[in-house]
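Participant: Next comes the sequence, and after it the predicted model I'd like to discuss.
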Amino acid sequence: MDVLRLKQLEFYGRHGTEIWEKENGCRFTVDLALEGDFTEPARSDRLGDALDYRVIFARARRVVEQESHNLIEKVAARLLHEMFRTFNVRRVTVRVTKPDARIGGLHGGVEVELTRTREEWAAQFHDRPAAVETAPE
């Protein structure tokens, strides 16, 4: 399987269980890995045959910056949903990091990583086959 990775995407979001997190927000970083068969874009050299990482970035930004959730697990699940809903890929790995989590003695932040195949995602979150949306951002 081929992999496209977007690493250390930085956003400002309002996720957390504390009131100040919802009101003030904080920094989040996101890593995405989308897996599939990239033979056709490798042959054609056409953007229309490839995963457009500008659209991937825009979808991730919308989830992190425009939504508000209590848990970073939910943010990661929403990112999985957006990637499968938008792109014809077989597997997605999402890592969401909250680098400035306010916990005494914590210096590396907290992060969660979710990996699902399209079939696992459909069964866990939808109980039906997952269709790909083709509307560009």
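Facilitator: Sure, I can see it. Numbering: from 1, shown residues only.
Participant: now the helix or strand hosting A123, how far from the chain's geometric center?
Facilitator: Assigned by DSSP states H and E, A123 falls within helix 118-125. Remark: helix 118-125 is offset 15 Å from the chain centroid, using CA atoms, centre = their mean, to the nearest Å.
Participant: That helix packs against which elements?
Facilitator: Helices and strands touching helix 118-125, by 3 or more CB pairs under 8 Å, 6 or more residues apart in numbering; DSSP states H and E, are helix 72-86. Glycine gets a C-beta too; all of them are placed from N, C-alpha and C.
Participant: Please name every helix or strand in contact with the very next helix or strand once past the helix it packs on.
Facilitator: Downstream of helix 72-86, the first helix or strand assigned by DSSP H and E is strand 91-98. Where contact means 3+ CB pairs under 8 Å, 6+ apart, strand 91-98 is packed against strand 26-36, helix 72-86, strand 110-117.
Participant: now strand 91-98 against helix 72-86, angle please.
Facilitator: 140 degrees (axes from the mean of the first three to the mean of the last three CA atoms, to 10 degrees).
Participant: What strands line up against strand 91-98, and which way round?
Facilitator: If you go by DSSP bridges, strand 91-98 pairs up with strand 26-36 (antiparallel), strand 110-117 (antiparallel).
Participant: most packed of these?
Facilitator: Highest mean neighbour count of the strands paired with strand 91-98: strand 26-36, a mean of 19 (counted as mean count of other CB atoms under 10 Å).
Participant: report the angle between the axes of it and helix 118-125?
Facilitator: 130 degrees.
Participant: and strand 26-36, how far out from the chain's middle?
Facilitator: The answer for strand 26-36 is 5 Å, by CA atoms, centre = their mean.
Participant: got the contact list for it?
Facilitator: 1-13, 15-16, 51, 56, 60, 64, 72, 75, 79, 83, 87-100 (CB atoms under 8 Å, 6 or more residues apart in numbering).
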